[in-house]
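In: Sequence first, predicted coordinates after that:
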Amino acid sequence: EDQVTQSPEALRLQEGESSSLNCSYTVSGLRGLFWYRQDPGKGPEFLFTLYSAGEEKEKERLKATLTKKESFLHITAPKPEDSATYLCAVQGYGGATNKLIFGTGTLLAVQP
Amino acid sequence: DAGVTQSPTHLIKTRGQQVTLRCSPKSGHDTVSWYQQALGQGPQFIFQYYEEEERQRGNFPDRFSGHQFPNYSSELNVNALLLGDSALYLCASSFGGNEQFFGPGTRLTVL
């Protein structure tokens, strides 16, 4: 069964303190891995899509990387406005090919 | 570009009632997916519509049904509401099977 596990569940950082969020996945053929940011009570905001191991994508202070078993979201010199829940999702080729399977997210709090 | 829009923003219903939620996809998108997100959890896939037909369905009972209109907008209907149906309902649109962009969601509370 396709599955996504995110760690840690929650992370508290000081402004400027870099760190990484982890997303481990099992899927029968990876079609794509997606990172979203979600603010409280809002819909997820699309950040990145990664398709194959070794691929990297960057956007401002965020960098996403992908291996055959996991993905990392690196946050460099975070600011308080980066505080949010970060969701990881996979899309596989087996069975229902278009649905996204989400992890439970990492709640990031950046203190000034 | 207005992005994905959903209505209403909030809704309060009582057990046993029926509810209809609405979604307009992002311009140029032809596929609409619906997700249910309980508090503290990741979104769970309900079903997906393409060319006015349900293309895929997640592990949700038949009380959950939907529709897609010729202009690609979509509705989610839930019958015989249960307390456990209280959640944030998210609509996501895409062009084919590519990146899915989410709307702001509808917060449903069942009393």
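Out: Yep, that arrived. Residues are numbered from 1 along each chain as shown, chains lettered A, B, ... in the order given.
In: only C-alpha atoms for contact and neighbour calcs from this point on.
Out: Noted.
In: need the contact list for B:Ser86.
Out: B:Ala38, B:Arg107, B:Leu108, B:Thr109, B:Val110 (CA atoms under 8 Å, 6 or more residues apart in numbering or on different chains).
In: Show me where chain B has its strands.
Out: With DSSP state E as the criterion, chain B has strands at B:5-7, B:10-13, B:19-24, B:31-37, B:44-50, B:53-57, B:64-68, B:74-78, B:87-94, B:101-102, B:106-110.
In: what's the least confident stretch among those?
Out: Among the strands of chain B, strand B:53-57 carries the lowest mean pLDDT, at a mean of 91.
In: Run through the neighbouring helices and strands of that one.
Out: Here strand B:53-57 touches strand B:44-50, strand B:64-68, going by 3 or more CA pairs under 8 Å, 6 or more residues apart in numbering or on different chains; DSSP states H and E.
In: Now those in TSV, please, with extra columns for mean neighbour count and distance to B:Leu83.
Out: Formatted as TSV, the helices and strands packed on strand B:53-57 follow (neighbours: other CA atoms under 10 Å in any protein chain shown; distance: least, CA to CA, whole Å):
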stretch	mean neighbour count	distance to B:Leu83
strand B:44-50	23	17
strand B:64-68	19	14
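In: For the ones you listed, give me TSV that also has distance to chain A.
Out: Listed next are the helices and strands packed on strand B:53-57 as TSV, based on distance: least, CA to the nearest CA, whole Å:
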stretch	distance to chain A
strand B:44-50	6
strand B:64-68	16
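In: Enumerate every residue touching the most centrally placed residue in chain B.
Out: Centroid check for chain B by CA atoms, centre = their mean gives B:Trp34 as the closest residue, at 3.5 Å. Going by CA under 8 Å, 6+ apart, B:Trp34 touches B:Phe45, B:Ile46, B:Phe47, B:Gln48, B:Leu76, B:Tyr89, B:Leu90, B:Cys91, B:Ala92.
In: Quick one: the strands of chain B as CSV, columns for distance to A:Phe34 too.
Out: Formatted as CSV, the strands of chain B follow (distance: least, CA to CA, whole Å):
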stretch, distance to A:Phe34
strand B:5-7, 21
strand B:10-13, 27
strand B:19-24, 22
strand B:31-37, 15
strand B:44-50, 15
strand B:53-57, 19
strand B:64-68, 25
strand B:74-78, 24
strand B:87-94, 13
strand B:101-102, 11
strand B:106-110, 22
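In: Can you say which of the ones you listed is nearest to A:Lys63?
Out: With respect to A:Lys63, and counting by CA to CA, the nearest of the strands of chain B is strand B:101-102 at 19.7 Å.
In: Now do that closest one: which elements does it pack against?
Out: strand A:45-50, strand B:87-94.
In: mind putting those strands in a markdown table, distance to B:Arg15 included?
Out: Listed next are those as a markdown table, based on distance: least, CA to CA, whole Å:
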| stretch | distance to B:Arg15 |
| --- | --- |
| strand A:45-50 | 32 |
| strand B:87-94 | 14 |
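In: hmm, back to that, ok, which pair from the contacts of B:Trp34 is furthest apart?
Out: Greatest spatial distance among the contacts of B:Trp34 (CA to CA): B:Gln48 and B:Tyr89, at 13.5 Å.
In: which bits of chain A sit near chain B?
Out: Residues of chain A lying near chain B by CA under 8 Å from any CA of the partner chain: A:41-46, A:49, A:87, A:96, A:98-105.
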